[in-house]
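A.B. asks: Requesting a structural model of the entry that follows:
(chains A and B)
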Number of protein chains: 2
Amino acid sequence: MLAHRLIERKRDGGRIEAGEWRALALAYATGHVPDYQMAALLMACYLCGLDRGETAALTEAMLASGDRLDLSDLGRPRVDKHSTGGVGDKVSLVLAPLIASLGVAVPMMSGRSLGHTGGTLDKLESIPGFRTDLTLAEARTQLERLNCALIGQTAEIAPADRKMYALRDATATVDSIPLIAASIMSKKLAEGLTGLVLDVKRGSGSFLPELPRELELAEIMIAIGADHGCPVVALLTAMDRPLGRACGNALEVEESIAALKGEGPPDLLEVTYALGAEMLVLAGTVADHDAARRAMEQSIGTGRAAEHFQRIIEAQGGNPGVVDDPAVLPQAAECELFAAPRRGFVARVEPRAIGRGIVEMGGGRTKVDDRVEPAVGFVITARPGDWVEVGEPLATIFARDRTGVDTGRHALGLAIHIADEADPPLPLVSHRVTNRGVEVLGEV
Amino acid sequence: MLAHRLIERKRDGGRIEAGEWRALALAYATGHVPDYQMAALLMACYLCGLDRGETAALTEAMLASGDRLDLSDLGRPRVDKHSTGGVGDKVSLVLAPLIASLGVAVPMMSGRSLGHTGGTLDKLESIPGFRTDLTLAEARTQLERLNCALIGQTAEIAPADRKMYALRDATATVDSIPLIAASIMSKKLAEGLTGLVLDVKRGSGSFLPELPRELELAEIMIAIGADHGCPVVALLTAMDRPLGRACGNALEVEESIAALKGEGPPDLLEVTYALGAEMLVLAGTVADHDAARRAMEQSIGTGRAAEHFQRIIEAQGGNPGVVDDPAVLPQAAECELFAAPRRGFVARVEPRAIGRGIVEMGGGRTKVDDRVEPAVGFVITARPGDWVEVGEPLATIFARDRTGVDTGRHALGLAIHIADEADPPLPLVSHRVTNRGVEVLGEV
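C.D. replies: A predicted model of the protein is given here:
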């Protein structure tokens, strides 16, 4: 009866109260509200909206439907980063060990790839032996020892969100700002953080390709964090092209390790440093962004960051040899260059076409239970704005067979536009949003 | 993938094409689209609407998801009546045998009670032995012999509608005009009719308590009927108070039999004659409404109508003795008068409060699989506009125990308003809608 009444009220444009969200999330998590009623409610929420208070209450209700990491006696600041998802976005793999190597705890709970975007868990699992299914108790022990645990959303964390997220995916109710904000924040608040940095992706490859909606999402999440005593800072970063060069699970691990050794592509390092500086300042272990940047550069320069990643990999059952020798990673059977079909400027490298290509080559998911092929993907050296001659190599295709190469070639053909002119790409880091407002960092 | 795409499109205000509705209805009826996707789509339809073409296509798709009665070689006109539902609305029980007694086939497929409204099947099943679960073949044979079969929606008829109706009930998506119209018309068109009369209820006890929406529903159904070569006439009738005096399954059977003998309450007979006249004119067996009325009065006056009901009851396994002796029906254990708490005019008799009272006394359903107690209910003699003295009997309560009597007393207290003045009730039959437009019959 509760669910029916709430569906009716939301359908008619009404509000759902905090106590009602709590009862509903609990009933749904425990199987007392069927999926079909939740699906109708989610569509009513999608179309009629949730106000700020309802979004906060839904977050709180999903958080309360499960356990949370209690890290209050860890004696260290606890900071995480969350990205709204993109193509080639391996920042988590670089940032988590880097920040952990600087004495700040990073309890990082990540997701899997779905649709055109990649997922940190799939990338990590391309390292032979790597386990992401730690229990909360194991994660806690590892955080004490190494300042970092790289895990998935366990069954104990926000089970209402877990079920609801799968349902939203099946019912075309994913891209609703309040539902996205509540889903992310319920998981992040369960990590027992003292600070959170959001990487809100912008541009054609992001979930919300319009600036006002991206700012709105950032502002809602900042407000929810503030309610829970967790300061949140958001950076808006470019996803009108892939981040870095590697796109595909094992290929991104290899590039992340290179970045931890200071050899990564400049755009990846720049976004990593920008987000990392916010994390360190939130943690209070450095005075300002300049000091944060110096600390990160030093950890990378001395080899401490890469070594820290090695220890994390070993702790989670992975082959630590990967840090010294990327050949430990699964290798694609076929590997071929993709050349420029004409001369001109690289006008666009479309992340969605790249991401869909990887899915078609077997490296991503169209359904939650699809198996992922770790070795396939692309290394794309062409950047928007580059001048290229006909026949010049733009990318390398990594596939499991000849059919995969053809699929990859077709995807790159759709993704990489060469033209006589190229518009400037989005600035890598364009806006910084805090509880004090929006700062424009890069020219749009 | 089909369902996801259609949900997305409807959510964004787009149209679903006829071929897509067909594929969807078939996939849903055969279990290839899960309830949760259909629930999200239904909510998107509820909030974003369906245009006339989509409503017709959905009707057609649900009709095509199952079998239909092929009565084309019956050699007789085939006419049915459908009511949008009310309290005390036993018109079907009087009308079906009455019209069948006049040589017109009435293949009547009815529903069960749900929420505050009663259901013809539950009423019929209060007659000991009465079977409403005839197969389509049995119904056909009986129609040949007796011009009438009183059955439920079989598993063969519009299975997509059957599943969708149950889902709408659980997901607060019932009162959407296009969804109501498509649901009713898919079932009625499966009856192989040559004409259909709609009884669209008006007023506080109806599903759509606003006149423009009632007219819209009538017009949509008339248009769908026209597309299928089935002329449809709609009458808008009053449901601001119960129809007749008896409310409750067995009590309504008793009153219907009385009406078939010419002894029913005047309002019940008037609505029956108005709808029956439309049926006979659509059937083409009489020249006009006056001739239709004379034919019906004659059938009732000579006892032919009651005798015809007796033969139908016998054919469907029921105890035909009920026509001569209502004591054959289940009897309530407790029976008590309800007296006027003050003097004044009966200002209102609220059908919803009456209907809910019957449900609470065990005579209706809150869930599809609730068992129904046939004997409970009310006989309400007080009519809006009556002057009553304090202590004067207004109604009789029929209950299974003392608690039921108290529940009934409470419900009547809420339903019957006595005041110093009474506004005039709605006219019994206020509008007539055909494909030529709207005719106002009663002053509003």
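A.B. asks: where in the stretch 1-150 of chain A is pLDDT low?
C.D. replies: A:1 (pLDDT under 70).
A.B. asks: ok, which stretches of it are strands?
C.D. replies: A:79-83, A:106-110, A:148-152 (DSSP state E, counting those that start in this stretch).
A.B. asks: Pipe the ones you listed into JSON lines and attach mean neighbour count and distance to chain B per row.
C.D. replies: C-beta coordinates here come from the backbone N, C-alpha and C atoms, glycine included. JSON lines is the format used below for the strands of the stretch 1-150 of chain A (neighbours: other Cβ atoms under 10 Å in any protein chain shown; distance: least, Cβ to the nearest Cβ, whole Å):
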{"stretch": "strand A:79-83", "mean neighbour count": "26", "distance to chain B": "24"}
{"stretch": "strand A:106-110", "mean neighbour count": "25", "distance to chain B": "25"}
{"stretch": "strand A:148-152", "mean neighbour count": "25", "distance to chain B": "24"}
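A.B. asks: Turn these into JSON lines, columns for distance to A:Ile7.
C.D. replies: Shown next, in JSON lines, are those (distance: least, Cβ to Cβ, whole Å):
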{"stretch": "strand A:79-83", "distance to A:Ile7": "30"}
{"stretch": "strand A:106-110", "distance to A:Ile7": "30"}
{"stretch": "strand A:148-152", "distance to A:Ile7": "31"}
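A.B. asks: and of those strands, who's closest to A:Ala218?
C.D. replies: Nearest to A:Ala218, of all those, is strand A:79-83, at 11.2 Å by Cβ to Cβ.
A.B. asks: what angle separates the closest one from strand A:106-110?
C.D. replies: Strand A:79-83 runs at 30 degrees relative to strand A:106-110, counting by axes from the mean of the first three to the mean of the last three Cα atoms, to 10 degrees.
A.B. asks: partners of strand A:79-83 in the sheet?
C.D. replies: Taking DSSP bridges as the criterion, strand A:79-83 forms sheet pairs with strand A:195-202 (parallel).
A.B. asks: quick one: buried residues of the strand it pairs with?
C.D. replies: Judged by neighbour count (16 or more other Cβ atoms under 10 Å in any protein chain shown), strand A:195-202 contains these buried residues: A:Gly195, A:Leu196, A:Val197, A:Leu198, A:Asp199, A:Val200, A:Lys201, A:Arg202.
A.B. asks: count of residues packed around the closest residue to chain B within the stretch 51-200 of chain A?
C.D. replies: Per Cβ to the nearest Cβ, A:Thr171 is where the stretch 51-200 of chain A lies closest to chain B, at 3.7 Å. A:Thr171 has 30 neighbouring residues, counting by other Cβ atoms under 10 Å in any protein chain shown.
A.B. asks: Repeat that for A:His32.
C.D. replies: 12.
A.B. asks: Check A:Gly317 too.
C.D. replies: So A:Gly317, with other Cβ under 10 Å, has 13 neighbours.
A.B. asks: can you tell me which residues contact it?
C.D. replies: A:Gly129, A:Phe130, A:Arg131 (Cβ atoms under 8 Å, 6 or more residues apart in numbering or on different chains).
A.B. asks: Please name whichever of the strands of the stretch 1-150 of chain A is nearest to A:Ala23.
C.D. replies: Using Cβ to Cβ, those put strand A:106-110 closest to A:Ala23, at 25.6 Å.
A.B. asks: Just the angle for that closest one relative to strand A:148-152, thanks.
C.D. replies: Using the same axes, to 10 degrees: strand A:106-110 against strand A:148-152 is 20 degrees.
A.B. asks: how far does strand A:106-110 sit from the chain's center?
C.D. replies: 11 Å (Cα atoms, centre = their mean, to the nearest Å).
A.B. asks: Give the partner strands of that strand in its sheet and their orientations.
C.D. replies: Assessed with DSSP bridges, strand A:106-110 is paired to strand A:148-152 (parallel).
A.B. asks: Quick one: list the elements packing against the helix or strand following the partner strand.
C.D. replies: Per DSSP states H and E, the first helix or strand lying C-terminal to strand A:148-152 is helix A:159-170. Judged by 3 or more Cβ pairs under 8 Å, 6 or more residues apart in numbering or on different chains; DSSP states H and E, helix A:159-170 is in contact with helix A:18-29, helix A:35-48, helix A:52-64, helix A:177-189, helix B:35-48.
A.B. asks: one more time with 10 Å
C.D. replies: When contacts are defined as 3 or more Cβ pairs under 10 Å, 6 or more residues apart in numbering or on different chains; DSSP states H and E, helix A:159-170 sits against helix A:18-29, helix A:35-48, helix A:52-64, helix A:177-189, helix B:2-11, helix B:35-48.
A.B. asks: would CSV of those helices with distance to B:Leu208 and mean neighbour count be doable?
C.D. replies: Below are the helices and strands packed on helix A:159-170 laid out as CSV (distance: least, Cβ to Cβ, whole Å; neighbours: other Cβ atoms under 10 Å in any protein chain shown):
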stretch, distance to B:Leu208, mean neighbour count
helix A:18-29, 27, 20
helix A:35-48, 20, 26
helix A:52-64, 29, 23
helix A:177-189, 31, 25
helix B:2-11, 22, 20
helix B:35-48, 14, 26
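A.B. asks: buried residues in stretch A:331-346?
C.D. replies: A:Ala332, A:Glu334, A:Glu336, A:Phe338, A:Ala340, A:Gly344, A:Phe345, A:Val346.
A.B. asks: Pull out the CA atoms of that stretch and give them to me as CSV.
C.D. replies: Below are the C-alpha coordinates for stretch A:331-346, written out as CSV (Å, rounded to 0.1, in the frame of the first residue of the first chain):
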residue,chain,number,x,y,z
GLN,A,331,47.7,-9.4,-24.7
ALA,A,332,45.4,-9.0,-27.7
ALA,A,333,45.9,-11.6,-30.5
GLU,A,334,45.6,-9.1,-33.2
CYS,A,335,47.2,-5.6,-33.3
GLU,A,336,47.0,-3.2,-36.3
LEU,A,337,47.6,0.4,-37.1
PHE,A,338,44.8,2.7,-38.2
ALA,A,339,45.9,5.3,-40.7
ALA,A,340,44.5,8.7,-41.7
PRO,A,341,42.2,8.4,-44.7
ARG,A,342,42.9,12.0,-45.8
ARG,A,343,45.1,14.9,-44.8
GLY,A,344,43.8,17.7,-42.6
PHE,A,345,43.1,18.6,-39.0
VAL,A,346,41.8,16.0,-36.5
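A.B. asks: Let me have the buried residues of strand A:195-202 in TSV, adding pLDDT and distance to A:Asp325 as columns.
C.D. replies: Compiled in TSV, the buried residues of strand A:195-202 are given as follows (pLDDT from 0 to 100; distance: Cβ to Cβ, whole Å):
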residue	pLDDT	distance to A:Asp325
A:Gly195	97	35
A:Leu196	97	35
A:Val197	98	32
A:Leu198	97	34
A:Asp199	97	30
A:Val200	96	36
A:Lys201	95	32
A:Arg202	95	36
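A.B. asks: Show me where the stretch 201-350 of chain A has its helices.
C.D. replies: A:211-227, A:249-260, A:266-283, A:289-301, A:304-315 (DSSP state H, counting those that start in this stretch).
A.B. asks: Centre of the chain to the longest one, how far?
C.D. replies: Pointing back at helix A:266-283 there. Distance, centroid of helix A:266-283 to centroid of chain: 14 Å (Cα atoms, centre = their mean).
A.B. asks: got the angle between it and strand A:195-202?
C.D. replies: Going by the same axes, to 10 degrees, helix A:266-283 makes 150 degrees with strand A:195-202.
A.B. asks: A:Pro265: what's it in contact with?
C.D. replies: Counting by Cβ atoms under 10 Å, 6 or more residues apart in numbering or on different chains, A:Pro265 touches A:Gly88, A:Leu243, A:Gly244, A:Arg245, A:Ala246, A:Glu255, A:Ala258, A:Ala259, A:Val379, A:Thr381, A:Arg383.
A.B. asks: I am finished for the moment; much appreciated.
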